[in-house]
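>>> Sequence and predicted structure, then a few things I'm wondering about:
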Amino acid sequence: MMNFVVKTLANAGALGVAIWLVPKITLTGDSTGKQALTLILVALVFGLVNFLVKPVVSLLALPLFILTLGLITLVINALMLLLTSWLAEQFDLSFHVEGFWTAVLGGLIISIVSWALNVVLPDGD
């Protein structure tokens, strides 16, 4: 359970940094508390997308991983971020990613920050 909480907080932190750095990734809300709650909910959706959808897409794209020496990972991360944005809209969460290249940049930032936070934060159960 602790591992799940730590990964969700790391995702929320990484998403927060991407929202802060990339102007076309937006999170709106009436108050800071509502924005924080929305960020946590979006982090849960993002974690669920990465847990359920990303392995299937990665398996199907295995030949492209080999062909591009792993650079297809940037595209897959961007697609997962766009899917998270679409799902957030369906759940009436105020999170939006505008465009593919914005998602590529956001996915890159989220990957780097999430990796750094997972190194620093404890992950024991």
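Done, it's in. Numbering: from 1, shown residues only.
>>> Past the helix or strand of the chain with the lowest mean pLDDT, which element shows up next along the chain?
Using mean pLDDT, DSSP states H and E, helix 2-21 stands out as the lowest-scoring helix or strand of the chain, at a mean of 88. Using DSSP states H and E, the helix or strand that follows helix 2-21 in sequence is strand 25-27.
>>> And the contacts of that following strand?
15, 18-19, 35, 38-39, 42, 94-98, 102, 106 (C-beta atoms under 8 Å, 6 or more residues apart in numbering). For the C-beta atoms, the positions are set from N, CA and C on the backbone; glycine is no exception.
>>> Just among those residues, which is most surrounded?
For the contacts of strand 25-27, neighbours were counted using other C-beta atoms under 10 Å, and residue 106 has the most, 28 neighbours in all.
>>> low pLDDT regions in this structure?
Residues of the chain that meet the criterion pLDDT under 70 lie in 1, 123-125.
>>> let's see it at 50
Counting by pLDDT under 50, the chain contains no low-confidence range.
>>> Helices of that one, start to end?
2-21, 32-52, 54-60, 62-67, 72-90, 100-120 (DSSP state H).
>>> Report the buried residues of the fifth one.
Using 16 or more other C-beta atoms under 10 Å as the burial criterion, the residues of helix 72-90 that qualify are 72-85, 87-88.
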